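1. predicted model follows, preceded by the sequence.
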Amino acid sequence: MTRNSHSIADRMALIDASGIRKVFDLAAKMTDPINLSIGQPDFDVPEPIKARAVEAIGQGHNKYTQTQGTGELRDSIAAACRDEFGWDDDRAYLVTSGVSGALMLAMLTMINPGQEVIFADPYFVMYSHLVHLAGGKCVMVDTYPDFRPTAEKFADAITDNTRMIILNSPSNPTGCVHTEAELRAIAEVAAERDILVISDEIYNLFCYDQPFVSMASIYENTLLFRGFSKSYAMTGWRMGWCTGPKAVVEKMTVLQQYSFVCAPSMAQAAGATALATDMSQQVAAYKRKRDMVVDALGEKFGMVTPAGAFYAFVPAPGGDATEFVKKAIDNNVLIIPGNVFSSRDTHFRISYATTDERLAEGLDILSSLA
Ligand code: PMP
């Protein structure tokens, strides 16, 4: 019997983690699986970043920092933005507990019950759950079969109730990278109705075929999110940052004060070191892994070539992703069915963030199952 004192608030019914849980339940039975499901780099945090965090602990950087993040880290972020965007320093920056933290703050700060948030389908799962948690409504723009987020599709999705658009380039789960022309067209549509755009650029370093273009360089009404989790393999350090319209970032900062309080102090101390670290070798290695995936599965599976992040979103042979994933798991390869990221279940996501050897093994098996 459920005890009254253990009854759960209604809003939790809006969050449903069953899709991914089913996959992990299946995976739990596997011994030493070839795991192509993981959303984090297989390389470790570069040594100088680790050393700086350890040193920071020794130096006593173990206390609360300013809510918005240390001055040192925000100065480094501002300098990086000055280099990339030519911005002056009069912007608001907020250091967050990962991009997840920034997303949570933004949704709770910006969305009133019933308001609509537009994003591409397939999407990063957290978006739908956080929009629902804030009482908002998800309006998903179907981007199959090529995953191009065209401005026409976004324009059609806009109503009087639209609160924001979320973009994610490079994308999890498709690896799609928006072109400058696509971003300009979406910016025009958004500007017409004065709509805020959240640009989740957590994979910005992992962009293989063209220079990365940020929505923040195109559209002034952009709330930009960047992270340390993927770029520097710091997923467990819980670090991200955001900048954008001052009124919005300031309110998010107020909410952070009463929720996350601040990002971890020793991780913030190492953040400036991270921003100064050259990751081009790691990115080159991931480009090679991407090419391995395309060589093995591209033609055979009719896959769209992913231009960024470390995922490919591959049509499932037979058209039923859950069935194909079961087959893959029976053959010791762990992948994720598309219905975890989409209203469709026709594709599977493969993460190539693993060693070349394991990846090659996994690709051979998947190929043989087609
Ligand atoms: N956005 C996207 C698209 C992601 O894939 C992830 C991590 N899987 C996040 C945000 C959150 O990352 P973190 O909280 O570790 O910064």
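-> Looks like it arrived, so ask away. Residues are numbered from 1 along each chain as shown.

2. ok, which stretches of the stretch 1-150 of the chain are helices?
-> Secondary structure of the stretch 1-150 of the chain, counting by DSSP state H, counting those that start in this stretch: helices at 18-28, 47-58, 71-85, 98-110, 125-133.

3. now those as a markdown table including distance to D146 and mean pLDDT?
-> Every C-beta, even on glycine, is put in place using the N, C-alpha and C of the backbone. Formatted as a markdown table, the helices of the stretch 1-150 of the chain follow (distance: least, C-beta to C-beta, whole Å; pLDDT from 0 to 100):
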| stretch | distance to D146 | mean pLDDT |
| --- | --- | --- |
| helix 18-28 | 24 | 78 |
| helix 47-58 | 37 | 98 |
| helix 71-85 | 28 | 97 |
| helix 98-110 | 26 | 98 |
| helix 125-133 | 21 | 95 |
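
4. quick one, which of those is packed in tightest?
-> helix 98-110 (a mean of 23; mean count of other C-beta atoms under 10 Å).

5. ok, and what's touching that one?
-> Here helix 98-110 makes contact (C-beta atoms under 8 Å, 6 or more residues apart in numbering) with 94, 96, 117, 126-127, 130-131, 133-134, 136, 163-164, 196, 198, 200, 202, 223, 225-227, 229, 235, 238-242, 248, 251-252, 255-256, 259-260, 263.

6. ranges for the strands of the stretch 101-250 of the chain?
-> Counting by DSSP state E, counting those that start in this stretch, the stretch 101-250 of the chain has strands at residues 116-121, 137-142, 162-168, 196-200, 222-227, 240-244.

7. keep only the contacts of helix 98-110 that also lie close to the ligand.
-> D200, I202, G227, S229, T235, G240 (C-beta under 6 Å from any ligand atom).

8. could I get the residues you listed as CSV with pLDDT?
-> Listed next are those as CSV, based on pLDDT from 0 to 100:
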residue, pLDDT
D200, 98
I202, 98
G227, 98
S229, 97
T235, 96
G240, 98
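
9. show me the two of those residues that sit farthest apart.
-> D200 and T235 (15.4 Å; C-beta to C-beta).

10. so S231 sits against D278, correct?
-> No - the pair S231 / D278 is not scored as a contact, 11.3 Å apart, by C-beta atoms under 8 Å.

11. by proximity to the ligand, which residue of the stretch 251-370 of the chain wins?
-> A309 (7.6 Å; C-beta to the nearest ligand atom).

12. could I get the contacting residues of that residue?
-> P170, S171, N172, G175, Y203, F206, K230.

13. which ones, among these, also lie beside the ligand?
-> N172.

14. in CSV, list the contacts of A309 along with pLDDT and distance to E182.
-> Shown next, in CSV, are these (pLDDT from 0 to 100; distance: C-beta to C-beta, whole Å):
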residue, pLDDT, distance to E182
P170, 98, 13
S171, 98, 12
N172, 97, 18
G175, 98, 15
Y203, 98, 16
F206, 98, 18
K230, 97, 22
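
15. please report how far the residue of the stretch 251-370 of the chain closest to the ligand lies from L255.
-> For A309, the distance to L255 equals 28 Å [C-beta to C-beta, to the nearest Å].

16. likewise for D90?
-> From D90 to L255 the distance is 22 Å (C-beta to C-beta).

17. who has more neighbours, these two?
-> Between D90 and L255, counted using other C-beta atoms under 10 Å, L255 has the larger neighbour count: 15 against 7.

18. in the stretch 1-150 of the chain, which residue sits nearest the ligand?
-> For the stretch 1-150 of the chain, C-beta to the nearest ligand atom, closest residue to the ligand: G98, 2.6 Å.

19. look up how far F348 lies from that residue.
-> Taking C-beta to C-beta, one finds G98 at 26 Å from F348.

20. then D200?
-> In terms of C-beta to C-beta, D200 sits 22 Å off from F348.

21. ok, C176 next?
-> Taking C-beta to C-beta, one finds C176 at 16 Å from F348.

22. cool, F24 as well?
-> Distance, F24 to F348, by C-beta to C-beta: 15 Å.

23. same thing with D83?
-> Counting by C-beta to C-beta, the gap from D83 to F348 is 38 Å.

24. what number of residues lie near Q59?
-> 10.

25. in terms of helices and strands, where is the closest residue to it other than its chain neighbours?
-> In this structure, Q59 finds its nearest non-sequential neighbour in A269, 8.0 Å apart by C-beta to C-beta, 6 or more residues apart in numbering. Using DSSP states H and E, A269 sits within helix 265-275.

26. who touches that helix?
-> The contact list for helix 265-275 (C-beta under 8 Å, 6+ apart) reads 46, 48-50, 52-57, 59, 61-65, 69-70, 72-73, 75-77, 80, 95, 228, 231-232, 234, 237-239, 262.

27. that helix - what's its average pLDDT?
-> The average pLDDT for helix 265-275 rounds to 98.

28. now do that helix: distance to the chain's middle.
-> Mean-position distance between helix 265-275 and its chain equals 20 Å (C-alpha atoms, centre = their mean, to the nearest Å).

29. relative to helix 71-85, how tilted is it?
-> Taking axes from the mean of the first three to the mean of the last three C-alpha atoms, to 10 degrees, one finds helix 265-275 and helix 71-85 inclined to each other by 30 degrees.

30. what sits against the closest residue to N161 other than its chain neighbours?
-> Spatial nearest neighbour of N161, chain neighbours left out: E116 (4.7 Å); criterion: C-beta to C-beta, 6+ apart. Contacts were defined as C-beta under 8 Å, 6+ apart; by that measure E116 touches G136, K137, C138, V139, T159, N161, T162, R163.

31. I'd say the first one and I118 touch.
-> No - in this structure, G136 is not within contact of I118 by C-beta under 8 Å, at 10.6 Å.

32. coming back round to it: out of D200 and T235, which sits in the more crowded spot?
-> Using other C-beta under 10 Å as the criterion, D200 and T235 rank with D200 on top: 29 against 17.
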